[in-house]
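Peer 1: Provided below are the primary sequence and the corresponding predicted coordinates.
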Number of protein chains: 2
Amino acid sequence: MTSLPSHPIGVFDSGVGGLTVVRALMDRLPFENIIYFGDTARVPYGVKSVATIEHYTQQIANFLQQQEVKMLIIACNTMAAVAADKVRASANVPVLDVIEAGAKNAVAHTKTGGIGVIGTPTTINSNAYARAIHQLNPACRVYSQACPLFVPLVEEGWLDHAVTRLTAQEYLKPVFVESIDTLVLGCTHYPLIKPLLMDICGDRMQLVDSALSIAAQTAEILQSRGLANPAHQIPDYRFVVTDLPVKFQTIGERFLGRSLGKIELAQL
Amino acid sequence: MTSLPSHPIGVFDSGVGGLTVVRALMDRLPFENIIYFGDTARVPYGVKSVATIEHYTQQIANFLQQQEVKMLIIACNTMAAVAADKVRASANVPVLDVIEAGAKNAVAHTKTGGIGVIGTPTTINSNAYARAIHQLNPACRVYSQACPLFVPLVEEGWLDHAVTRLTAQEYLKPVFVESIDTLVLGCTHYPLIKPLLMDICGDRMQLVDSALSIAAQTAEILQSRGLANPAHQIPDYRFVVTDLPVKFQTIGERFLGRSLGKIELAQL
């Protein structure tokens, strides 16, 4: 099956976080059709075994390819860390993932070679960012810091709250003593607290937002492969989830920065 | 099959939280054998459908009855809210649950009839504490407050941290303006921040710890049914989980207040 420029971009995550990637894509590529898939029935992936994560990730990639996506974007750090290679090996469309995108952007921007990465404990323990960064430039020094409370704080909506500020100061304290000029937001929830993090970091370091990185790389790939949608009309956005928790709509719209519209339920 | 006093007490939870109940049982009933079952492969239950929670809960209750427990304790608020009646209907041993235990204790202690309940969003949304309290005394007024950040804060180990203090002050602000003299800790994680909560509440209200309530009720039931273990020797403690995440041992020992020893893996 040949991909057409009118085909949608497929973006997927274990839950709601990948909507920050969709938001970045909507801003960067306002004429592209997008299907978002959130595996809300089986979230969180971080606590599952590698075999299970690979299996679930492949199921979602297959589902999206059946919807004739022209490109796959893994907007979940856990899936990217564990299963990106498998998806790439079997997919017949280009595959981008948040870890590779964030790593590329960090390596391109660092001047001193000192890169910090913040993420969930699962992402940090996987060491996937450090591997991706070193694959691009072995001279870089990577300092990783798990920030387990950021996801619950973002989901609570405390985006500019004294508690979040105090928590961020605590987590970033060890990062600040390292010689780092670039900090990768290694979790799709973190763009929502970017203003607060920028405020705390001041001019100590620049932030790399994987969602923006992936949107920029998507634009390049679509252009270079002649897959950019030439139709300049309102695009079609689909949001597919495997379960519809009460909070999905509320939290989802906060992540997306706009209304979600109709949400479809799918069984894998 | 007849229960013997030497048979163990079966305690279960979706994860690690129910270990605070085990800790209270160890302190109150130091000669009782205990089996703890944590369904760590399928945690968290809060996001799952009622049918799934009922099914999983029944599987665990059956597993523990196959281990010849003389009593079942549902040490998980989600399972207690959703599936306690089903477990009671099918079990051939006494069944206690944290919600009923907390509600009984709160009703027994309130002087003004004003009872506050704090818990996870799932527990609070289920309204199970309010129902259990009203079943015991319809004159009570119940004020419920979800505290989504307490579980991640406890799991982060920030038990006496400025962030936790600030978060608790924020969550308890609306509780303090209600006429409440008794506050139920409606989550098995909360006993770990009881000192901090007591400090913030001061003499405004007394705290009801469901773990202590259930240990007291267990002692009564064992006594009245002639099921208390007469052997005054070191008891046997078993800890069974469905998956062994790295953090289970660390967090578990913090919850239990002592070493976990060997942890068994089981498939349901």
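Peer 2: It's in.
Peer 1: Can you name the helix or strand that A:Glu155 falls in?
Peer 2: Using DSSP states H and E, A:Glu155 maps to helix A:150-156.
Peer 1: Can you show me the CA trace of that helix as PDB?
Peer 2: Extracted C-alpha coordinates of helix A:150-156, given in PDB (Å, rounded to 0.1, in the frame of the first residue of the first chain):
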ATOM      1  CA  PHE A 150       5.900  15.800  37.800                       C
ATOM      2  CA  VAL A 151       3.300  13.500  36.100                       C
ATOM      3  CA  PRO A 152       0.900  13.500  39.000                       C
ATOM      4  CA  LEU A 153       1.400  17.200  39.500                       C
ATOM      5  CA  VAL A 154       0.600  17.900  35.800                       C
ATOM      6  CA  GLU A 155      -2.400  15.600  36.000                       C
ATOM      7  CA  GLU A 156      -3.600  17.500  39.100                       C
END
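Peer 1: Show me where chain A has its strands.
Peer 2: A:9-13, A:34-38, A:71-74, A:95-97, A:114-119, A:141-146, A:182-185, A:206-209, A:237-241, A:263-265 (DSSP state E).
Peer 1: Next, format those strands as CSV and append mean pLDDT and mean neighbour count.
Peer 2: Glycine gets a C-beta too; all of them are placed from N, C-alpha and C. Formatted as CSV, the strands of chain A follow (pLDDT from 0 to 100; neighbours: other Cβ atoms under 10 Å in any protein chain shown):
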stretch, mean pLDDT, mean neighbour count
strand A:9-13, 98, 27
strand A:34-38, 97, 25
strand A:71-74, 98, 26
strand A:95-97, 97, 24
strand A:114-119, 97, 27
strand A:141-146, 96, 18
strand A:182-185, 98, 26
strand A:206-209, 96, 20
strand A:237-241, 95, 19
strand A:263-265, 91, 13
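Peer 1: tell me, how many neighbours does the nearest residue to A:Ala132 once chain neighbours are set aside end up with?
Peer 2: Counting by Cβ to Cβ, 6 or more residues apart in numbering or on different chains, A:Ala132 lies nearest to A:Ala103, which is 3.6 Å off, once chain neighbours are set aside. Using other Cβ atoms under 10 Å in any protein chain shown, A:Ala103 has 30 other residues around it.
Peer 1: which bits of the stretch 51-200 of chain A sit near chain B?
Peer 2: A:121, A:125, A:148-149, A:151-153, A:155-156, A:158, A:161-163, A:166-167, A:170 (Cβ under 8 Å from any Cβ of the partner chain).
Peer 1: let's see it at 6 Å
Peer 2: A:Pro148, A:Leu149, A:Pro152, A:Glu156, A:Val163, A:Leu166, A:Thr167 (Cβ under 6 Å from any Cβ of the partner chain).
Peer 1: so what's the last one up against?
Peer 2: Shown in contact with A:Thr167 (Cβ atoms under 6 Å, 6 or more residues apart in numbering or on different chains): A:Leu149, B:Val163.
Peer 1: for the second one, same thing?
Peer 2: Applying Cβ under 6 Å, 6+ apart to A:Leu149 gives the contacts A:Thr167, B:Pro152, B:Glu156.
Peer 1: Let's test this: mean pLDDT of the helix holding A:Glu155, rounded?
Peer 2: Helix A:150-156 shows a mean pLDDT of 93.
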